[in-house]
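> model the structure of this input:
(chains A and B)
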Amino acid sequence: MRAKRKQRLLVILGLVALAAVAVGLTLYALRSNINLFFSPVQIAEGQAPLERQIRAGGMVKEGSVARDPDSLDVAFTVTDYVEDLEVRYSGILPDLFREGQGVVVVGRLQPDGWLRADQVLAKHDENYMPPEVAQALEDAGYSPEDYQDKATDVAKRLEAED
Amino acid sequence: MWAFIHKLGSPKGFYAISARWLTPLWLAAAALILIGGTWGLAFSPADYQQGDSFRIIYVHVPAAFLAQSIFVAMAAAGFVFMVWKIKLADMAAAMMAPLGAGMTFVALFSGAVWGVPTWGTWWQWDARLTSMLILFFLYIGVIALRGAFASRDGGARAASVLAMVGVINIPIIKYSVEWWYTLHQPATFSITSKPAMPAAMWLPLLLMVLGFYCFFIAVTLMRTRSEILRRESSKRWVRALVEEQR
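Residues are numbered from 1 along each chain as shown, chains lettered A, B, ... in the order given. As a prediction, this is how the structure comes out:
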């Protein structure tokens, strides 16, 4: 009886291990397809296809948002603090869209290097704080949208990938 | 100690012992969810960027925690059933599955509702969202597979195997936001560092999470107890119990 139990245990563990290896290999093979978006660095390296619908993600560069006063046209730069990508969009932006905020833009990459966006999605980070705290931070000279920590993470990650 | 565990492993012993746990669990669940819910939805501060839509976190996060925990619990019960052939473990696994599927649905739905005002979309095929949808399908698969067998034992074994293999999805859900570029932000809470929000925000959330866990344990106990009576209805001790109640 003991031996039988042990056998069942081994069979189950073997089964789960095999399934884990299969899933792991599949995910490894698909690793670039699972990423929701291309970073500006990847686009600069030419990894993203031209004139096909892609998603690009990064931070909206401070001071880069230019709105056309007569229409909904807006242009801004998406950056991963290494490379920049120029985005042009016509439409309503999500409430969370602002400079220094993470965004994912859906659109087509043009041959001369900018992206014509059909949709702009706002990303937000895992930090939540009450408005008073954000205000206090700002009064103390910090920006609550201070993404410098993130930027060093991105830079580290890209270095590790190279 | 071993005698207690042996008694707990038998349907009759479990039925007798678990009767004492139900009331405190229900009371704790009701109190925690009531206090945490009121605090979180009405009194805790709004987020500086998202405003009040941030409060969806008080439902979304506990539901997502439970969705994953229940799957792990179900797989563990399946493992105990397969290796030691303890019927009680299978009963518990069968009773947990619908609740887990429900929690996964709540997490997906509340996430979609939250996504519209913050991200500007209710759905993206992002690694976190997709792996969570797969978890929902796994739950449905486990429930359906159990029902698809004519013999109870066959269904129990098939469901256990699917649950044990499907548990691979849990670390994928957890690390999806770190391994790949996703729209979903990384975790706010981790065991190793302090939460990325002030106490006035995370305390009500903690109460909600604990309340949801108490609710899950209470529901599973209650459903397992009725399943014990159903499966053991021809046994002498169940008949004696029914006679007693009359």
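
> wait, is B:Leu25 part of a strand?
No - B:Leu25: not assigned to a strand; according to DSSP: H, G, I helix; E, B strand; the rest coil it is helix.

> so who does it touch?
Contact analysis of B:Leu25 by Cβ atoms under 8 Å, 6 or more residues apart in numbering or on different chains lists B:214, B:217-218, B:221. Bear in mind the C-beta positions are built from the backbone N, C-alpha and C, glycine included.

> ditto for B:Ser110
B:Ser110 sits next to B:56, B:59-60, B:63 when contact means Cβ under 8 Å, 6+ apart.

> that one and B:Ile56, how far apart?
5 Å (Cβ to Cβ, to the nearest Å).

> if we can go back for a sec, quick one: buried ones out of the contacts of B:Leu25?
Using 16 or more other Cβ atoms under 10 Å in any protein chain shown as the burial test, the contacts of B:Leu25 include B:214, B:217-218, B:221 as buried.

> between these, which is nearest A:Leu85?
Distances from A:Leu85 to the buried ones among the contacts of B:Leu25, taken as Cβ to Cβ, are shortest for B:Cys214 (48.5 Å).

> three-state assignment of that closest one?
Classified using three-state DSSP, B:Cys214 is helix.

> again, but for A:His124
Relying on three-state DSSP, one would call A:His124 coil.

> where does the residue positioned nearest the centre of chain A land on pLDDT?
Compute the mean C-alpha point of chain A, and by Cα atoms, centre = their mean the closest residue is A:Gly57, 4.3 Å away. At A:Gly57, the model reports a pLDDT of 90.

> separation between it and B:Thr130?
Taking Cβ to Cβ, one finds A:Gly57 at 16 Å from B:Thr130.

> and what of B:Pro117?
22 Å.

> thinking again about what came up before, dump the contacts of B:Leu25 to JSON lines, plus distance to B:Val177, pLDDT and secondary structure.
What follows is the contacts of B:Leu25, written out as JSON lines (distance: Cβ to Cβ, whole Å; pLDDT from 0 to 100; DSSP: H, G, I helix; E, B strand; the rest coil):
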{"residue": "B:Cys214", "distance to B:Val177": "28", "pLDDT": "97", "secondary structure": "helix"}
{"residue": "B:Ile217", "distance to B:Val177": "28", "pLDDT": "96", "secondary structure": "helix"}
{"residue": "B:Ala218", "distance to B:Val177": "31", "pLDDT": "97", "secondary structure": "helix"}
{"residue": "B:Leu221", "distance to B:Val177": "33", "pLDDT": "95", "secondary structure": "helix"}
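
> quick one, strands of the chain?
Looking at chain A here, since you left the chain open. Ranges of strands in chain A, per DSSP state E, are A:53-60, A:66-67, A:73-79, A:84-90, A:102-109, A:115-122.

> my question was about chain B, not that one.
Under DSSP E, chain B gives no strands.

> residues of the longest helix belonging to chain A that come out buried?
Under DSSP state H, the helix in chain A containing the largest number of residues is helix A:2-29. Within helix A:2-29, the residues that count as buried by 16+ other Cβ under 10 Å are A:12, A:16, A:19, A:27.

> for that helix, give the mean pLDDT please.
Mean predicted lDDT for helix A:2-29 stands at 86.

> repeat that for stretch B:48-56.
88.

> near chain A at all, it?
Yes - applying Cβ under 8 Å from any Cβ of the partner chain, one finds stretch B:48-56 touching chain A at B:48-50, B:54.

> dump those residues to TSV, plus neighbour count and distance to B:Met208.
Formatted as TSV, the residues of stretch B:48-56 next to chain A follow (neighbours: other Cβ atoms under 10 Å in any protein chain shown; distance: Cβ to Cβ, whole Å):
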residue	neighbour count	distance to B:Met208
B:Tyr48	20	21
B:Gln49	22	21
B:Gln50	19	18
B:Phe54	24	14
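
> so which of the contacts of B:Ser110 comes closest to B:Gly40?
When those are compared for distance to B:Gly40 (Cβ to Cβ), B:Val59 wins out at 8.8 Å.

> low pLDDT regions in chain A?
A:1, A:137, A:140-162 (pLDDT under 70).

> what parts of it come near chain B?
Within chain A, the positions adjacent to chain B are A:5, A:8-9, A:12, A:15-16, A:19-20, A:23, A:27, A:31, A:34-37, A:39, A:57, A:93-96, A:104, A:119-135, A:144 by Cβ under 8 Å from any Cβ.

> are any of those residues buried, and which?
A:12, A:16, A:19, A:27, A:34-37, A:39, A:57, A:93-94, A:96, A:104, A:119-125, A:127-130, A:133-134, A:144.

> pretty sure B:Ile86 sits against B:Ala76.
No - at 11.7 Å, B:Ile86 and B:Ala76 do not qualify as touching, with contact defined as Cβ atoms under 8 Å.

> what is in contact with those two at once?
With Cβ under 8 Å, 6+ apart, B:Ile86 and B:Ala76 have no common neighbours.

> let's have the contacts of B:Leu25 in JSON lines, adding distance to chain A.
Shown next, in JSON lines, are these (distance: Cβ to the nearest Cβ, whole Å):
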{"residue": "B:Cys214", "distance to chain A": "25"}
{"residue": "B:Ile217", "distance to chain A": "25"}
{"residue": "B:Ala218", "distance to chain A": "30"}
{"residue": "B:Leu221", "distance to chain A": "26"}
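
> redo those residues as a markdown table? Include distance to A:Arg67.
Shown next, in a markdown table, are the contacts of B:Leu25 (distance: Cβ to Cβ, whole Å):
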| residue | distance to A:Arg67 |
| --- | --- |
| B:Cys214 | 51 |
| B:Ile217 | 54 |
| B:Ala218 | 54 |
| B:Leu221 | 58 |
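
> and which of those is nearest B:Val165?
Closest to B:Val165, out of all of the contacts of B:Leu25 and judged by Cβ to Cβ, is B:Ile217, at 25.1 Å.

> what about stretch B:160-172, distance to the chain center?
14 Å (Cα atoms, centre = their mean, to the nearest Å).

> which residues sit in contact with the residue lying closest to B:Cys214 once chain neighbours are set aside?
With Cβ to Cβ, 6 or more residues apart in numbering or on different chains as the criterion, B:Cys214 has its nearest non-adjacent residue at 3.8 Å, and that residue is B:Ala29. By Cβ under 8 Å, 6+ apart, the residues touching B:Ala29 are B:211-212, B:214-215, B:218.
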